[in-house]
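I'd like to go over a predicted model; first the sequence, then the structure.
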Amino acid sequence: MTEPGYFHLHLVSDATGETLITVARAAAAQYANVSPVEHLYPMVRSRKQLDSALVEITDAPGLVLYTLLEEDLIKLLEDKCRELGLPCMSVLGPILRLFQSYLGAETIHRVGAQHVLNAEYFQRIEALNYTMFHDDGQHVEGLEDADVVLIGVSRTSKTPTSIYLANRGVKTGNVPLVPGVPMPPQVEALKRPLVVGLYASPERIVQIRENRLLGLNAHRDDNQYIDKAAVAEEVAYSRKLCAKNNWPSIDVTRRSIEETAAGVMKLLAERRRGPGR
């Protein structure tokens, strides 16, 4: 440990390191009282590149995770960690062995195979471009081309949820419900997209709005934005609108962005399967 509450986390990858970062941060998030000092070594594909990483690992001992496929590099890394008395683990190794056991086939040992530019990759890019263009009620005339349209009052995580969904290849637009501003008629006329309402408890929304104003060192001339009764009316209107149009809604009060997006994707999958399937 470098100091109480911190530890060194070394991530050695023969590709971009995205897989390692995702897994490592998901695991580290389960420990509230300690935080990792991340050391990322991407594109490690030669002895020289690995030697540079080993120098840093020696200077700042800690937990070592890797996604390497070259056996010689794996042996060098594991031998050095054993010499230093450091825990060292392949993130993909146990999963690949499980796949091999089940499928009865060897892996192709292709470095960075998960990052090949395939149709799925371009679908994600297209979805991201679409989502950014149709964020926060922009260009509502093009929402019929969306897979999902999120609606909700201010501070119900519409934009981050939209971006998360876009990263999964789901073209997502979002439209804010603003007091005193009529909803664009194009939204209620939508046929193709799945429209989902996001709402939260008035207390939670007020808390988030107050924190946002504080963080921006800003103020609003009207106090309706953070008035609990006024916010409760906003939420009630949002839910009535969804009920009127038979749009499903999700309570995001205690949900993370990932959980909200998972809920939306479940609704989308059910819709695509159709009734009775």
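Noted; the coordinates are in hand.

excluding its backbone neighbours, what's nearest Y66?
The shortest distance from Y66 to any residue that is not its chain neighbour, by CB to CB, 6 or more residues apart in numbering, is 4.1 Å, and that residue is V12. From N, CA and C alone the C-beta is placed, and that goes for glycine too.

what of A200?
Using CB to CB, 6+ apart and skipping the chain neighbours, the partner closest in space to A200 is T253 (4.4 Å).

over to K158?
The spatial neighbour of K158 that comes closest, neighbours along the chain excluded (CB to CB, 6+ apart), is N174 at 4.0 Å.

in which helix or strand would I find the one you found?
In the assignment (DSSP states H and E), N174 maps to strand 172-177.

so which bits of the following helix or strand past that strand are buried?
Scanning the chain past strand 172-177 towards its C-terminal end, the next helix or strand to appear is helix 185-188 (assignment: DSSP H and E). For helix 185-188, a neighbour-count test (16 or more other CB atoms under 10 Å) marks V187 as buried.

export helix 185-188 to PDB, keeping only CA atoms.
As requested, C-alpha coordinates have been extracted for helix 185-188 and formatted as PDB (Å, rounded to 0.1, in the frame of the first residue of the first chain):
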ATOM      1  CA  PRO A 185     -46.100  17.100 -30.900                       C
ATOM      2  CA  GLN A 186     -43.700  14.900 -32.800                       C
ATOM      3  CA  VAL A 187     -42.900  13.000 -29.700                       C
ATOM      4  CA  GLU A 188     -46.400  11.800 -28.900                       C
END
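
show me where the stretch 51-200 of the chain has helices.
Secondary structure of the stretch 51-200 of the chain (DSSP state H, counting those that start in this stretch): helices located at 71-84, 93-103, 119-133, 158-166, 185-188.

the residue nearest to Y66 against L69, yeah?
No: contact status for V12 versus L69: not in contact, 11.9 Å apart, counting by CB atoms under 8 Å.

more neighbours, those two?
It is V12, of V12 and L69, that has more neighbours when counted by other CB atoms under 10 Å, with 26 against 21.

wait, is P36 part of a strand?
Yes: read with DSSP: H, G, I helix; E, B strand; the rest coil, P36 is one of the residues of a strand.

now it. Nearest residue, chain neighbours left out?
The shortest distance from P36 to any non-neighbouring residue, by CB to CB, 6+ apart, is to L9 (3.7 Å).

distance check, the one you found against E83.
Going from L9 to E83 by CB to CB, to the nearest Å gives 19 Å.

and for P94?
23 Å.

same question for L76.
Distance, L76 to E83, by CB to CB: 11 Å.

and L128, how far is that from G169?
Note on L128: its distance to G169, by CB to CB, is 9 Å.

which residue lies farthest from the center of this protein?
Computed with CA atoms, centre = their mean, the maximum C-alpha offset from the centroid of the chain is found at E83, amounting to 37.1 Å.

could you list the low-pLDDT ranges of the chain?
In the predicted model, the chain carries pLDDT under 70 at residues 1-4, 106-118, 218-222, 275-277.

in space, what's closest to the residue sitting nearest the centre point of it - neighbours in sequence excluded?
In the chain, the C-alpha nearest the mean C-alpha coordinate belongs to Y164, at 4.9 Å (CA atoms, centre = their mean). Using CB to CB, 6+ apart and skipping the chain neighbours, the partner closest in space to Y164 is A261 (4.4 Å).

before we move on, what about K191?
Using CB to CB, 6+ apart and skipping the chain neighbours, the partner closest in space to K191 is E144 (7.0 Å).

what lies in contact with the helix or strand harbouring E259?
Taking DSSP H and E as the definition, one finds E259 inside helix 257-273. Judged by CB atoms under 8 Å, 6 or more residues apart in numbering, the contacts made with helix 257-273 from elsewhere in the structure are 147-148, 150, 157, 160-161, 164-165, 168, 170, 194, 196, 198, 248, 250, 252, 255.

which stretch among the helices of the stretch 51-200 of the chain is buried most, on average?
Among those, judged by mean count of other CB atoms under 10 Å, the one packed with the most neighbours on average is helix 158-166 (a mean of 23).
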